[in-house]
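In: Just a sequence and a predicted model for now, questions to come.
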Amino acid sequence: MFLGWLLSWCCGWLCALVGHWLWTRATLRPVTRVPSASDTICFFEISATDVHSISNRRQRALKPGESPYRALLETMELTKTRLTLQLTNDNNKVRLLLELYRLQGNMTRVKINELKPLKPRYEVPDVLIREPPTEPLSLLSQDENGVVLSLGVESQRVIVSARPFRLDIMEGREVLMSLNSRGLLAFEHLRMRKDTVYIALNLCQCSLFACQKAKEEEEEKEEEGMWEETFKSHSDGKPNGPSAISLDFSWPGVEHVYGIPEHADTLRLKTTDNGDPYRLYNLDVFQYELYNPMALYGAVPVMLAHSAQRTTGIFWLNAAETWVDISSNTAGKTVFGKMLDYVQGSSEIPQTDVRWISESGIIDVFIMLGPTPKDIFSQYASLTGTQSFPPLAALAYHQCRWNYNDQEDVQTVDAGFDEHDIPYDFIWLDIEHTDGKRYFTWDQHKFATPKDMLQGLMDKKRKVQMKDEPVTQLQIHNEIRSRGFYIKNKDGGDYEGWCWPGSAGYPDFTRADMRDWWASQFAYDQYEGSMENLYTWNDMNEPSVFNGPEVTMHKDAVHGEWEHRDVHNMYGFYVQMATAEGLIQRSGGVERPFVLTRAFFAGSQRYGAVWTGDNAAEWDHLKISIPMCLSLGLVGISFCGADVGGFFKTPSTELLVRWYQTGAYQPFFRAHAHLDTPRREPWLFGPENTALIREAVRQRYTLLPYWYQQFYNTHHTGEPVMRPLWVEYPQDPATFALDDEFLIGRDLLVHPVTEEGARGVTAYLPGKDEVWFDVHTFQKHNGAQNLYIPVTMSSIPVFQRGGSIIPRKLRVRRSSTCMEHDPYTLHVALNLQRAAVGELYIDDGHTFNYDKKEFIYRRLTFANNILSSVNLAPDAQFSTRSWIERIVILGASKPSKVTLKTPDGQESQVEFDFDASMSVLTLRKPGMNAGLDWTIALQ
């Protein structure tokens, strides 16, 4: 007996040693060749069907049915802040840990991880602005079938069913959302590789638990690609096997879902039953396809569901490659078919089912329960933050091209804008401004004296935006290498790839010390030739690797203890974070940064703007820019736009004009063009077209006070600046799928002309009891109608909502900063109750001093024939030289006299004109300071 015990003990000890060796081996990476400088760089188009990984195909092969997972109720623990519960997979006996939290603000968080993973699995850091505050959960009932918990909001509760595991969130008798109702929860556990398991078994020759468990795992069916995948000539090793996760969600009563940008597709997401899933995987895509679920440059894993009764949302916090499948029981039904169901008394309730699949990481999902669209925006903002408040100049017009050749070229283009009386604020320099495509440098021949160039533009109150990319070369290579800041390849060496500078390293921006170092490089004494009017844009930060799989980084590259597959979609987020911090630091924390990024993730709104990437000079690309920007706004990224005119190819003159007219009413307004396209400065297409473009740009500048006010609001509320109509009219089904028109804030409705040769457009004006005014003609139209609008080449259909007051500045100058002290014109559009409200926000336009209460924030109100301005921030202190030059009241009656009363008690008569044919009253030069209290009475 003793000998048997000794043999068993020795075998166990040996197995423990072998197990430790196996675990260590499992964390090492087999060696493959690093791309060399002699490799060919190839650009190729990526289609959705080319890139489905084996893990995605394996997960999608699972069909709805009874889930193998069940909840072990005897393991449940309930504290004041969370519920924990073990789940087991009856097929492989692997246990998971479920955590459920009730969060402040009507949200619920669900986390699922392996109970005892082979090694830690990646959990996304830095995206949440703080650990979300929790509220108590309370147990309502429990039996052998499950538990019922109160969520504390009215009659909201969560039901956890045990066999099979399922989670339902209810309000009263209504199911708001179900998790795993279709049985598609899947969690691929980390494991040891086949050959290592056999080594362990042969060495042990025993039936100890560890060996038996390894043997049981090996008996699971092995499939192609579980340990290694190939894409073209690239391989991706998985030392711990597949690690995909999946969970399904069901929305009863919902037919419309939105979000999960970035995709060049309609605003309302389509079903994917007979096609490819929506893919979220940041890629440098060359000439992307339209109306396609393929991955593009950014990824925000947030989806909103909307019906006339409620808006809810899902935030899937995972940075790995992710796919989203959508199905609906009403998909494919025509309007007639739905009417027939109604007439025949069909009891089928609409339902949308969504399945999320990610390649690695854990399930960490935030369920936002609304119930209104604006509640959803507030809830999401409480998790990931709001849109950064940009400097005012960033909301003006930007002129860009790959590339302006040299300083003389920049000066010529700058002078051309003045000569043709077209304002602009930023001129952009692409990669060719550098010395051999090495960033933080200048070409010594073409840009020999950059400070002279910058000073000349500063004298005109204009700025420069230069391109920067997260790849390094000799200029800064040695320092990054000596600090160990590079991403590593799977054998432990510095990862190398090809990008514009040639063979390059890729800094590991997931490291805080690397980001700090990067930020320090923007200091004026580090970045030679830079000045305070030089800003930065981050391109190629997906990251782009010309000789990598899908033109990006190998998934088995290493960031510290994590593989690139775990963090991929966050890389651009970190690059923009570091760059924005660098611009803040160089000013001593005084100046607001402006950083444009191509790659982004949830939370990127905190650091600047995004654009829709390398579009083309085609009408369909103009059209798709609207739903693309609307989708971004719904998930927190309000500062977005598309390259005016299209980056690739050459636009017709008509297309170019229409694109300027559209871009002038999108948040980020920049013209950009490829190196190989003909020059397209606004004055190169004849006097008539120059005049049309000039007018579009000038319209943007007159509305800058309103744009700035909207960005102040979104910075505080998370509400999108450019928003779909259903956000403001959530009970009007006619708005739910509209994506060829949009609102700016609440009060401006824009329906751009995006059809070639158009002679008219039909705009839907929402609101049964509302009126809308054409901002150009002041013509009044009733709401809740489809309005046909004849158009010419000069037409930009824009309407102001009755009941609103919008500030403008009509004295357009060469740049926005030149207009700082100019007077305001107020456009007051009366509703059917002859009332209107609006706001006016003023600060210095460029510093963080608004955080120190240095601003003016006023409410403008028209009621009972009295227009007044009152202070909304009495504790704030700021002064302005701007005054009220003109007030235009739409839908007015003719008064006998108009009286202005100021805070000192002084009264004066105000001159006015009245257009009886249009019911427009114009008050001329009332003259009061824009920052003071005043009232104007119409008698």
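Out: Now that the structure is in, tell me what you want to look at. Residues are numbered from 1 along each chain as shown.
In: Phi first, then psi, for D915.
Out: phi -100, psi 100 (degrees, to the nearest 10).
In: for it, which residues make a bridge with it?
Out: Beta bridges link D915 to V920, judged by DSSP bridges.
In: Contact partners for it?
Out: F778, L921, T922 (CB atoms under 8 Å, 6 or more residues apart in numbering). Any C-beta I mention is one placed from the backbone N, CA and C, and that applies to glycine too.
In: now do N405
Out: N405 neighbours (CB under 8 Å, 6+ apart): E432, K446.
In: switch to 6 Å and redo it
Out: Applying CB atoms under 6 Å, 6 or more residues apart in numbering to N405 gives no contacts.
In: hang on, the earlier thing: buried among the contacts of D915? Make that a ChimeraX selection.
Out: Here is the ChimeraX command that selects only those of the contacts of D915 that count as buried (16 or more other CB atoms under 10 Å):
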select :778,921
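In: The stretch 101-250 of the chain: helices as residue ranges?
Out: Under the criterion DSSP state H, counting those that start in this stretch, helices of the stretch 101-250 of the chain are mapped to 194-204, 209-218.
In: Could you export the contacts of D915 as CSV, including distance to R166?
Out: Below are the contacts of D915 laid out as CSV (distance: CB to CB, whole Å):
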residue, distance to R166
F778, 57
L921, 62
T922, 64
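In: Mind putting the contacts of D915 into TSV with pLDDT and distance to S815?
Out: Listed next are those as TSV, based on pLDDT from 0 to 100; distance: CB to CB, whole Å:
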residue	pLDDT	distance to S815
F778	98	29
L921	98	33
T922	98	28
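In: about what we covered before: rank the helices of the stretch 101-250 of the chain by pLDDT, which is bottom?
Out: Lowest mean pLDDT within these: helix 209-218, at a mean of 47.
In: mind showing which ranges of the chain have poor pLDDT?
Out: By pLDDT under 70, the low-scoring segments of the chain are 1-54, 194-221, 331-347, 472-475.
In: okay, now the domains of it?
Out: 58-188+241-384, 391-604, 823-938 (the TED database).
In: How far does the longest one sit from its chain's centre?
Out: Centre-to-centre, domain 58-188+241-384 and its host chain are 19 Å apart (CA atoms, centre = their mean, to the nearest Å).
In: quick one: terminal-to-terminal distance for it?
Out: 32 Å (CA to CA, to the nearest Å).
In: Next: the second one.
Out: Using CA to CA, the span of domain 391-604 from its first residue to its last is 17 Å.
In: do the same with the last one
Out: For domain 823-938, the first and last residues are 22 Å from each other (CA to CA).
In: try stretch 901-919
Out: Using CA to CA, the distance between the terminal residues of stretch 901-919 is 24 Å.
In: Just give me how far it sits from the chain centre.
Out: Per CA atoms, centre = their mean, the centroid offset for stretch 901-919 relative to its chain is 45 Å.
In: Kindly format the C-alpha coordinates of stretch 624-642 as CSV.
Out: Output of stretch 624-642 as CSV, limited to C-alpha atoms (Å, rounded to 0.1, in the frame of the first residue of the first chain):
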residue,chain,number,x,y,z
ILE,A,624,-23.7,57.2,-47.9
SER,A,625,-21.9,59.9,-46.0
ILE,A,626,-25.2,60.9,-44.3
PRO,A,627,-26.1,57.5,-42.7
MET,A,628,-22.4,56.9,-41.9
CYS,A,629,-22.3,60.1,-39.9
LEU,A,630,-25.7,59.6,-38.3
SER,A,631,-24.6,56.1,-37.1
LEU,A,632,-21.5,57.6,-35.5
GLY,A,633,-23.5,60.3,-33.7
LEU,A,634,-25.8,57.7,-32.2
VAL,A,635,-22.8,56.0,-30.5
GLY,A,636,-21.3,59.2,-29.1
ILE,A,637,-19.0,60.4,-31.9
SER,A,638,-20.7,63.6,-33.0
PHE,A,639,-17.6,65.2,-34.6
CYS,A,640,-17.6,63.3,-37.9
GLY,A,641,-17.6,64.1,-41.6
ALA,A,642,-16.6,62.8,-45.1
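In: Not counting it itself, show me its contacts.
Out: With CB under 6 Å, 6+ apart, stretch 624-642 has contacts from 258-259, 261, 264, 266-267, 290, 300, 302, 304, 380, 387, 605, 609-612, 615, 666-669, 714, 720-724, 739, 742.
In: what does stretch 884-891 give?
Out: By CB under 6 Å, 6+ apart, stretch 884-891 touches 773, 778, 780, 823-830, 919-923, 926, 928, 930.
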